[in-house]
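[1] need the 3D shape of this:
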Amino acid sequence: MSTYDGFLNFCKPIGWTSHDAVAFVRRRLGQRRVGHAGTLDPLAGGVLPLCLGRATRLAERVAAGSKVYAADLVLGVTTDTCDAEGRVLAVRDPSAIGLDALVRALAGLVGPLAQVPPAFSAVKLAGQPAYRRARRGEALQLAPRPVTVYGIALLAWAPPRLSIALRCSKGTYVRALARDLGEALGCGAYLAALARLQVGCFTLADAITPEALERAAAAGHLEAVLLPPDEGCLDLPAIVLDPQEVRYFVHGRAIPARQAAAPAARAYAHDGRFLGLVRGMGTQWQPMLALASDDEATS
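    Residues are numbered from 1 along each chain as shown. As a prediction, this is how the structure comes out:
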């Protein structure tokens with residue numbers, strides 16, 4: 001049985017959980033070691049980077065990248081989940097909200113924010129996901145968390161519905177942005193639809209659907225749709241190590257830098273093999289994430 005190492009830029013369908021996507025790919029590839037780089041709610045569709053084999057070690061780094069979303073919001077209704085699937089808590093007339101007020105309120109959501117996650121979220125509270133306690137009817141008070149919204153563009157405004165595109169940091173809940181927009185406007189709001197367009201370097205334009213993955217698997221062309229492990233860190237500079245330095249790397253030893261070391265870099269062997277990541281420590285490179293094994297160091 002083949003073992004794959006790398007990334008799959010997966011297009012998660014609406015209605016699937018992130019775990020559903022992982023389970024689907026595990027079955028199609030016949031491989032257990034599959035994980036995702038950043039949860040995507042069932043209500044949302046779009047980019048869900050999946051990590052295969054050794055690339056799972058890079059999952060946190062990919063998940064930490066900025067995200068781009070397209071979202072539809074509806075003014076005038078507040079729900080307990082902050083989205084269309086929740087129980088309606090309040091209905092207010094949003095007809096007095098004009099375009100100028102809407103644009104100002106959206107601008108107020110841009111920048112560093114202390115965002116309170118939705119009660120129905122996977123945030124841990126006393127060791128338990130908040131959504132489990134919320135489902136039991138418990139009144140929750142979640143602590144605000146620092147997030148950053150880098151920009152919001154208003155794409156369409158057909159009262160009471162609006163469409164936006166935004167780029168934000170890891171950990172940002174678009175449902176919570178809808179809730180906060182409604183509070184700023186004094187009429188309430190909820191998230192009606194959400195698509196994730198980008199996670200770091202992974203874009204929706206290049207993502208593969210479940211149907212396309214099945215066709216590739218049936219035709220024996222899985223390698224053609226998989227991305228190499230270094231795809232998740234191409235933003236870093238690259239260094240090439242000689243055979244002795246490769247041995248140092250896999251044993252966790254520092255490697256002299258030929259010039260001032262950058263904060264981090266990708267490390268490769270002379271034959272092009274991706275070895276992992278190094279951290280710059282003055283005039284040395286310190287291994288910080290190894291994908292190559294000791295046996296491979298001498299191959």
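[2] walk me through the domains of this protein.
    6-65+201-231, 67-199, 236-297 (automatic domain parsing).
[3] need the contact list for the residue nearest the centre of the chain.
    Here the mean C-alpha position of the chain is nearest to the C-alpha of Gly38 (C-alpha atoms, centre = their mean), at a distance of 3.7 Å. Contacts here follow C-beta atoms under 8 Å, 6 or more residues apart in numbering; on that basis Gly38 touches 48-49, 62-63, 67, 170, 199. For the C-beta atoms, the positions are set from N, CA and C on the backbone; glycine is no exception.
[4] just the buried subset of those, please.
    For the contacts of Gly38, a neighbour count by 16 or more other C-beta atoms under 10 Å gives the buried set as 48-49, 62-63, 67, 199.
[5] and Pro42, that's in a strand?
    No. When DSSP: H, G, I helix; E, B strand; the rest coil is applied, Pro42 is found to be coil, with no strand at that position.
[6] surely it and Pro13 touch.
    No. Contact between Pro42 and Pro13 fails when scored by C-beta atoms under 8 Å: they sit 9.5 Å apart.
[7] surely the residue nearest to the centre of the chain forms part of a helix?
    No. Assigned with three-state DSSP, Gly38 falls outside any helix and is coil.
[8] in the protein, where is pLDDT below threshold?
    Counting by pLDDT under 70, the chain shows low-confidence ranges at 1-2, 120-140, 294-299.
[9] the helices in it, which residues?
    18-29, 59-63, 99-107, 130-135, 174-185, 210-218, 222-225, 243-250, 294-297 (DSSP state H).
[10] of these, which stretch is the most buried?
    Using mean count of other C-beta atoms under 10 Å, the stretch among those with the largest mean neighbour count is helix 174-185, at a mean of 22.
[11] just the C-alphas of that one, formatted as CSV.
    Taking C-alpha atoms only, helix 174-185 is exported to CSV below (Å, rounded to 0.1, in the frame of the first residue of the first chain):
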residue,chain,number,x,y,z
VAL,A,174,-16.9,35.1,10.9
ARG,A,175,-20.1,34.2,12.8
ALA,A,176,-18.9,36.4,15.6
LEU,A,177,-18.2,39.2,13.2
ALA,A,178,-21.8,39.0,12.0
ARG,A,179,-23.0,39.1,15.5
ASP,A,180,-20.8,42.1,16.3
LEU,A,181,-21.9,43.9,13.2
GLY,A,182,-25.5,43.5,14.2
GLU,A,183,-24.7,44.8,17.7
ALA,A,184,-22.9,47.8,16.3
LEU,A,185,-25.9,48.6,14.1
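[12] that one packs against which elements?
    Identification of packing neighbours for helix 174-185 by 3 or more C-beta pairs under 8 Å, 6 or more residues apart in numbering; DSSP states H and E yields strand 67-75, helix 99-107, strand 111-115, strand 161-168, strand 189-199.
[13] how about CSV for those, with distance to Ala212 added?
    Formatted as CSV, the entries for these read as follows, by distance: least, C-beta to C-beta, whole Å:
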stretch, distance to Ala212
strand 67-75, 21
helix 99-107, 35
strand 111-115, 35
strand 161-168, 25
strand 189-199, 18
